[in-house]
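**Student:** Give me coordinates for this.
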Amino acid sequence: MSFQDVEAGLSRPSVISSPQSKEDSAFLGLQSSLSLQVFKINSNVQGILKLVDQLGTAKDSAALRKSLHDLTESTRAMSKRGGEDLKKLTGLQANLPHHKTSLQKTSHDLQLSLVAFQRAQQVSAERQRTVVKGVKLAVDDDISTDNNDPQLESPEQRQAQILQSQLSPHELAYQESLIQEREEEIREIETGIHELAEIFRDLGTLVQQQGGMLENIETNVSNIATDTGAAAQELTSASEYQRKAGRRAACLMIILVVVTCVVLLAILS
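**Tutor:** As a prediction, the model looks like this:
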């Protein structure tokens with residue numbers, strides 16, 4: 001065999017494993033895409049919460065609110081696409097029973113991400129409301145200065161005090177001009193929360209089915225643990241019985257030897 005033959009043989013691709021079917025490839029490709037979306041949603045949720053913490057502070061600005069709006073909208077669109085992709089993934093898995101566990105994990109991860117995003121939107125809307133009411137109180141100068149107990153102050157009053165201490169009258173007046181814009185943003189967030197609730201309802205059947213399967217798995221695990229414990233107890237009992245039986249056999253053997261010796265002595269004598 002020449003060197004050229006060896007080189008040609010090495011250059012030929014070798015099939016190590018059987019090729020995947022088109023259904024498997026489609027499922028794995030969509031699952032990979034959905035997992036990436038889940039990762040991005042989680043990252044965006046963290047970004048949203050960081051931006052929300054800066055609302056109503058000296059760092060609050062038009063650029064910050066635009067970043068928060070854009071990040072919320074992109075995450076909302078990603079959540080919708082994730083819900084649709086999960087439905088498609090479920091349809092593909094119907095003919096691929098060996099991917100059932102993988103589908104359950106992907107579905108669970110997406111659901112956790114959507115819940116986290118929904119909570120982030122609720123926090124954002126509530127913070128926006130507090131800021132709006134705080135701006136109104138700060139502009140009206142309707143803050144009770146006689147009450148020195150911070151526990152008796154409302155969040156709106158504390159927000160108004162923060163704004164008065166951090167912003168100049170000109171900046172405060174600018175914040176007042178943005179109240180309508182902020183209220184519109186609150187309405188958009190509330191609309192997004194309702195849309196996300198619809199996604200949860202659309203996935204309700206799937207979640208219910210998977211919940212049943214997970215419950216069955218948990219029940220089987222509990223039964224196995226119970227059966228294992230019972231089996232171990234039975235083995236312990238059997239071992240104890242065997243040990244006692246061995247003692248009885250030894251005693252009987254000794255008694256038999258003694259009786260035999262006595263009989264032999266009686267015969268010989």
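**Student:** Run through the stretch 1-150 of the chain and note the low-pLDDT ranges.
**Tutor:** Applying pLDDT under 70 to the stretch 1-150 of the chain flags residues 1-19, 135, 138-150.
**Student:** What segments of it are strands?
**Tutor:** With DSSP state E, counting those that start in this stretch applied, the stretch 1-150 of the chain shows no strands anywhere along its length.
**Student:** didn't Glu190 look like it was pressed against Ala125?
**Tutor:** Yes. If you go by CB atoms under 8 Å, Glu190 and Ala125 touch, sitting 6.0 Å apart. To be clear about C-beta, it is placed using only N, CA and C from the backbone, and glycine gets the same treatment.
**Student:** Between those two, which has more neighbouring residues?
**Tutor:** Ala125 (19 against 13; other CB atoms under 10 Å).
**Student:** which residues sit in contact with that one?
**Tutor:** Residues near Ala125 by CB atoms under 8 Å, 6 or more residues apart in numbering: 186, 189-190, 193.
**Student:** one more time with 7 Å, if that's ok
**Tutor:** Taking CB atoms under 7 Å, 6 or more residues apart in numbering, we find Ala125 in contact with 186, 189-190.
**Student:** What's the separation between the nearest residue to Asn44 once chain neighbours are set aside and Gly83?
**Tutor:** Distance criterion CB to CB, 6 or more residues apart in numbering; nearest residue to Asn44, sequence neighbours excluded, is Thr75 at 4.2 Å. For Thr75, the distance to Gly83 equals 13 Å [CB to CB, to the nearest Å].
**Student:** what does Leu103 give?
**Tutor:** Look at Leu103 and Gly83: by CB to CB, they are 14 Å apart.
**Student:** what do you get for Lys66?
**Tutor:** For Lys66 relative to Gly83 (CB to CB), the value is 26 Å.
**Student:** With Gly29 instead?
**Tutor:** Distance from Gly29 to Gly83, by CB to CB: 18 Å.
**Student:** Give the burial count for Val45, as a bare number.
**Tutor:** Neighbour tally, Val45, other CB under 10 Å: 22.
**Student:** Touching, it and Ala120? I think so.
**Tutor:** Yes. Taking contacts as CB atoms under 7 Å, Val45 lies within contact range of Ala120: 4.8 Å.
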